[in-house]
Structures are given as C-alpha cells and as structure tokens.
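Student: My questions concern the predicted model and sequence given below.
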Amino acid sequence: MVGDAVDDSDTVADDRAIGFLPLSVMLTDAMKDNNTPSDTCDLPHDNAATKPRQSSGGVRLPDQPRQCKSRVALSLLTAAILAATISLITIANAQPGTPPATAQPATTRPAANPPAAPDAPSAQRIFTVFDATLYQDKPDLSEYWVKPMVSLGASLFATNRRPTPAELENPDEGHIRAVARSLARRKTVIVCLDIEHWPTRGDDAEVAASVERYTRVAQWMHDEVPGLRLGFYGVPPLRRYWDAILPADSPRYQRWQQENDALVEIARQADVLFPSLYTFYEDQQSWEKFATASIAEARRLNKVVYPFIWPYYHDGGPPELRLKPIPREFWRKQLETIHAQADGLVIWGGWTDAQGRRMTWDDNAPWWQETVQFLKDKGIKPPPAPPRAE
C-alpha cells in the first residue's frame, strides 16, 4: 500500500452524510469562501441514495478552517486553473453548437482492441433500475424494486473535507483502497465513481495521462475488493450530443468514436459503463438518436450498460428550460428507449430546483408516477436469489 496510513473506519461517510458534491462545485465554493469570483461548470453528482447532487448543484461541505494567507493564495491559484480547465471541458460537452442534419443508425465499427465481452445474458432478461437521487425525505424505494446506487465523488479523494488540488490530480492509493474496504463493509456490490476533472478529449498526452489515472483507481479498488463492480460516470462513452446525432459516416461522428477508442483501457478496467443521457433540449427525436448512439458506443466496448438519466432539463441547456421538469410523456420515452437497449438505468436528480431551493421528495411528481407505471408495465423485479449453499 502506498501513501499515508488511513483510518478507513468511516471513509465513505461523507458522501452519505453530505451528499454528492461535484468537484467543480467544490472548487467554485472554495473560491467563493475567499470572496474570489468564479464560474460554475457542468458536472454531475455525488450521491448516496444515500447522497445529494447531480449534473448541477451540489451539497455544501461543512465550513473548513481558514488557512494562512500564503496557502490560500496558492490553493486558490491552483484551484482556479483546475476549475477553468474543468469548465472548458464541460462547456464543450454541455453547450453544443448548431444542430446538425438527420442522423443515421450507429455504425457497427468495432472498438480498437475492445475489452472482453461480458457474460452472456440469461434466458430471462434482467433490467435493473437504480436510484441515485438526492431528494430530502425520500422514502425507501425497495418496494418498487428500485435499488440504491452508491456514487462517489469528493470522498474518493479525501474524507470529510474538500480534496486539495494535489489530491485531485494524483489520488492517494492508500485512501482509494480504504474507500474500497469501507464499501465492502457496507456490503456495497456496485459503485459509480464520479471523476469529471481529468481531461478525456483534446491533447493526446493529457488524455493518455487521464486514462492512466482512471485505470489506476479501478485497479486499486479491484485489488482491494475483488468482487466490487465499478464504473465511471460518463466515461466512456463521452457525452457528445451533437456528434452522436449526426450520420454515422460523418467525420464528427467518427471522430467521436475515435475519442471513445482512446478511452478503451478505462472500459477494460470497469465492470459497468454509465453513459450520461441527460436532457438539454425539447426535441424528443434527437434525444432518442443521442441515447441510441451513446448506448451503441457503450455496447461496442463490450460492457454492461447503465445510463444515467435525470427527470429535469439539464442546467447547461437553454435558459428557458434549465432545471424544469421533463414532460411526463418525454420521460416515459426515455425509460422505454433505455429499456429496449441497455441493461438498466440510474435516475439522478433532486438537489435543487430552478430557484436554487433544496428539493423534497414528492410521491405525486409526474416523473415518479410514470416511473412506477413503467416498472409495473415491465414487470421489473429483482433477480432471483442464488441457491443457498448446503
């Protein structure tokens, strides 16, 4: 084990008690705490089904003691550079350009040196719905056969505090292993790792360095807890809305596939892929093309696929739609589209509304009522329990 000794008795507690805090929000908050102007960026969650936040908005960590002015200045400068980098990466994904022309079905182009194919599905298909929402006063959803999804962001790098810029860039092996042990003690069998500040497109050398960091994290956790199933939020495949809805033989679509190929080693180390299929626009047909192409890319990488969806419009979309609820029929279309093509789905959301107010669970919310109906219509139930050893 590398790094300082870690007391892992409560390593994951901060995500469960504090909620999903995107790293971009942590950096932004750090600057705000020191009256430094900052920009927010489009990053998702830090949940705990168990936790709180999504592609936007995050739970605030407890106030931290003020550091000496010299350390603050250095930390702010480093954090500002990191935040600016994150914002540029995010804006490229969240703020597409001009809508392209009609899209064609996804190409069957094989991935470059793809991972081994997952186990063949059983005769009886199992489709799993996971809950990663952050609502206050949320009831136990297990009666609907909805499983909690543990998703880790901030606590993957530090416990009960904001990670330092150095920790964000070079995660400590000892701490990562302690997180894995903590998950094992809680009998967590699947986890989504939310790391969105490492470049995954652009400069080849930077992308290669990011891939190496992602794979190290996965290897450390698998080595510590061999039975743990893990994946990374939104990578791969990358969320590239305007590229994904273009014709499959277009240069931009093929460039998107090449960008995903550059991340194939991440897919190789992951057990599950978590594509981000959040909604930016009202165009249902284009969303379906985007989702279909993204799932096809994940399938091309030969992994189990659990897309993330959100029953509200993404806060990185047009101002008139930001954080407004998706119409019930559109939400059902998303559930049906994913059900037809993926192995399950993860529902995120519930941190703040368009006015910045903390959201409380509502059994009568149209999106939840439609989800319940969807579960009934599909007869979704948990997989049968394995036979007990004699």
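Tutor: Sure, I can see it.

Student: What is the burial count for Val150?
Tutor: Around Val150 sit 23 other residues, with neighbours defined as other Cβ atoms under 10 Å. (Each C-beta comes from the backbone N, C-alpha and C, glycine too.)

Student: who does it bridge with?
Tutor: Val191 (DSSP bridges).

Student: So it is in contact with Thr188, correct?
Tutor: Yes. At 5.2 Å, Val150 counts as touching Thr188 under the criterion of Cβ atoms under 8 Å.

Student: which intervals of the protein have sub-threshold pLDDT?
Tutor: By pLDDT under 70, the weakly predicted segments of the chain are 1-124, 382-390.

Student: Let me see the ranges of the strands in it.
Tutor: For the chain, applying DSSP state E gives strands covering 53-54, 56-58, 128-131, 146-148, 150-152, 190-193, 229-232, 272-273, 304-305, 308-309, 344-347.

Student: Mind giving me the packing neighbours of the fourth one?
Tutor: The criterion is 3 or more Cβ pairs under 8 Å, 6 or more residues apart in numbering; DSSP states H and E, and the helices and strands that strand 146-148 contacts are strand 128-131.

Student: before we move on, the earlier item: most tightly packed of the strands of the chain?
Tutor: With neighbours taken as mean count of other Cβ atoms under 10 Å, those reach their highest mean count in strand 53-54, at a mean of 32.

Student: And the helices in the stretch 251-390 of the chain?
Tutor: 251-261, 264-269, 284-300, 328-341, 366-378 (DSSP state H, counting those that start in this stretch).

Student: what about those, which gets the closest to Gly231?
Tutor: Gly231 sits nearest to helix 264-269 of all the helices of the stretch 251-390 of the chain, at 8.9 Å, using Cβ to Cβ.

Student: What residues of that closest one count as buried?
Tutor: For helix 264-269, the neighbour count (16 or more other Cβ atoms under 10 Å) marks 264-269 as buried.

Student: and which of those is nearest to Arg216?
Tutor: Once Cβ to Cβ is applied, the member of those that ends up nearest Arg216 is Gln269, at 8.9 Å.

Student: That closest one is in contact with Trp220, isn't it?
Tutor: No. Between Gln269 and Trp220 there is no contact under Cβ under 8 Å: 10.3 Å.

Student: Could you dump the buried residues of helix 264-269 into a markdown table and include distance to Gln254?
Tutor: Formatted as a markdown table, the buried residues of helix 264-269 follow (distance: Cβ to Cβ, whole Å):
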| residue | distance to Gln254 |
| --- | --- |
| Val264 | 16 |
| Glu265 | 20 |
| Ile266 | 20 |
| Ala267 | 18 |
| Arg268 | 22 |
| Gln269 | 25 |
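
Student: ok, so of these, who is nearest Trp145?
Tutor: For the buried residues of helix 264-269, with Trp145 as the reference and Cβ to Cβ as the criterion, the closest is Ala267, at 27.9 Å.

Student: Quick check: phi and psi at the residue nearest to the closest one when sequence neighbours are not counted.
Tutor: Closest residue to Ala267 apart from its sequence neighbours, by Cβ to Cβ, 6 or more residues apart in numbering: Leu301 at 4.2 Å. Backbone torsions of Leu301, given as degrees, to the nearest 10, read phi -90, psi 10.

Student: Quick check, Leu301 in contact with Pro236.
Tutor: Yes. Assessed by Cβ under 8 Å, Leu301 is found in contact with Pro236 at 6.3 Å.

Student: who has more neighbours, the two?
Tutor: Pro236 (29 against 23).

Student: What residues does the closest residue to the more buried one other than its chain neighbours make contact with?
Tutor: Sequence neighbours aside, Leu263 is the residue nearest to Pro236 in space, at 4.1 Å (criterion: Cβ to Cβ, 6+ apart). Applying Cβ atoms under 8 Å, 6 or more residues apart in numbering to Leu263 gives the contacts 200, 207, 211, 235-238.

Student: export these to CSV and tack on distance to Tyr144?
Tutor: Conversion of the contacts of Leu263 to CSV gives the following (distance: Cβ to Cβ, whole Å):
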residue, distance to Tyr144
Thr200, 34
Val207, 40
Val211, 37
Val235, 29
Pro236, 30
Pro237, 29
Leu238, 32
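
Student: which among those gets closest to Ile295?
Tutor: Closest to Ile295 out of these is Pro237 (8.7 Å), distances taken as Cβ to Cβ.

Student: Thank you kindly, that will do.
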